[in-house]
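Chemist: My questions are about this predicted structure, shown below with the sequence.
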Amino acid sequence: MEEDLRPAVVIKFGGNAMVDASLQQAFAQDVVELWCEGLRPVVVHGGGPQISAMLDRLGLESRFEAGLRVTTAETMDVVRMVLSGRVQRELVGHINSHGPYAVGMTGEDAHTLTAVRRPAWVDGVAVDIGQVGDIVEVNPDMVRTLLTRGHIPVVSPVARGADGQVYNVNADLAASALAVALGAERLVILTDVAGLYADWPRSTEVIGRLTADALDGLLPGLASGMLPKMEGCLRAVRGGVGRADILDGRVPHAVLRGVLGDNGAGTTVVPGTSADHVTSTV
Ligand SMILES: Nc1ncnc2c1ncn2[C@@H]1O[C@H](COP(=O)(O)OP(=O)(O)O)[C@@H](O)[C@H]1O
Ligand SMILES: CC(=O)N[C@@H](CCC(=O)OP(=O)(O)O)C(=O)O
């Protein structure tokens, strides 16, 4: 029975924050601690740097448009192999060193994530970036089943298309779509900076808290990896998730501090229309 279970907390573990083995271990410990506290963590992992490293070893090019990887059929094979064959396995291993908690899956499994091909928008122009997907449907049944049985789902951001193709999905957007479909309480995105910087890369001011409408106004000015992250936060809170946080994954135990301690670190997006935002200097 699911009635007495708390809403899920979806945590996106970023590729850049996961290159350090001790940070990976601290992250795994935090996720298990949340589970022990009665929360229901769902992990969606990235792996951008690991994919780029493998492409480089194979002599293949890594190219991004508006923060999304240009994905040929050859690139897609490598993306799938690195994400679900290596990065997900390592993470599941770290979590399961604490007990039989984690179960790895990809968005392709049980039709969890369905995507359609999407372009990247560069200066208002649609650019073809190959097998990159935008999620159009989420079936959260398998993730819910795992949660109900006391497991921690670890999901790779690969989706199936209704057209039979496999799609590479940005992990921030995959986490956001899953959070909405699960009716999650929170979306937490770990990355390799202190949060969303105002006037990046010139200022040292991190935006601490802002509403969905204020974020909507800032989105057109954002670049590179921060763009899908903030788009994911916006979609999440507009889709009913209570709040979305960007936290610094380079800080050990950032998840535990951010979720249980709520120490005000990082950037928090909340539903609402106020145009104001609060900044702090780091
Ligand atoms: N406004 C901004 N605030 C913070 N970081 C930004 C901003 N704009 C671009 N970035 C870049 O986005 C990066 C995070 O995105 P990405 O490299 O995709 O991270 P991850 O691997 O965690 O998903 C930061 O390291 C930074 O270089
Ligand atoms: C379409 C697209 O860009 N997909 C990403 C998927 C992995 C990811 O998002 O990893 P990070 O969170 O570590 O950046 C990629 O190929 O790099």
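Modeler: Good, I have the coordinates. Ligands and ions are numbered 1, 2, ... in the order given.
Chemist: Does residue 95 belong to a helix, a strand or coil?
Modeler: Assigned with DSSP: H, G, I helix; E, B strand; the rest coil, residue 95 falls in the helix class.
Chemist: excluding its backbone neighbours, what's nearest residue 105?
Modeler: residue 155 (5.8 Å; Cβ to Cβ, 6 or more residues apart in numbering). Every residue, glycine included, has its C-beta placed from N, CA and C.
Chemist: burial of the one you found, as a residue count?
Modeler: Residue 155 is flanked by 29 other residues according to other Cβ atoms under 10 Å.
Chemist: Same question for the one 5 residues further on.
Modeler: Around residue 160 sit 19 other residues, with neighbours defined as other Cβ under 10 Å.
Chemist: List the contacts of it.
Modeler: By Cβ atoms under 8 Å, 6 or more residues apart in numbering, residue 160 lies in contact with 107-108, 111, 113-115, 166-167.
Chemist: Please spell out the ChimeraX selection for the buried subset of these.
Modeler: A single ChimeraX command selects the buried members of these (16 or more other Cβ atoms under 10 Å):
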select :107,108,113,114,115,166,167
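Chemist: So which of the contacts of residue 160 sit within strands?
Modeler: 113-115, 166-167 (DSSP state E).
Chemist: Pipe those into TSV and attach pLDDT and distance to ligand 2 per row.
Modeler: TSV is the format used below for the ones in strands among the contacts of residue 160 (pLDDT from 0 to 100; distance: Cβ to the nearest ligand atom, whole Å):
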residue	pLDDT	distance to ligand 2
113	98	12
114	98	16
115	98	10
166	98	12
167	98	8
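Chemist: my guess is the residue nearest to residue 105 meets residue 177, correct?
Modeler: No: using Cβ atoms under 8 Å as the test, residue 155 is too far from residue 177 to be in contact (10.6 Å).
Chemist: Point me to the residue of the stretch 101-250 of the chain nearest ligand 1.
Modeler: Closest approach between the stretch 101-250 of the chain and ligand 1, counting by Cβ to the nearest ligand atom: residue 225, at 2.1 Å.
Chemist: isn't that residue right next to residue 68, touching?
Modeler: No: if you go by Cβ under 8 Å, residue 225 and residue 68 don't touch, sitting 9.8 Å apart.
Chemist: Please enumerate the shared neighbours of those two.
Modeler: With Cβ under 8 Å, 6+ apart as the test, residue 225 and residue 68 reach no residue in common.
Chemist: Those two: which is more packed in?
Modeler: A direct count of neighbours by other Cβ under 10 Å for residue 225 and residue 68 places residue 68 higher, at 25 against 21.
Chemist: Give me the pLDDT value at that one.
Modeler: With respect to pLDDT, residue 68 scores 91.
Chemist: Ok, residue 141 next?
Modeler: Model confidence at residue 141 (pLDDT) stands at 97.
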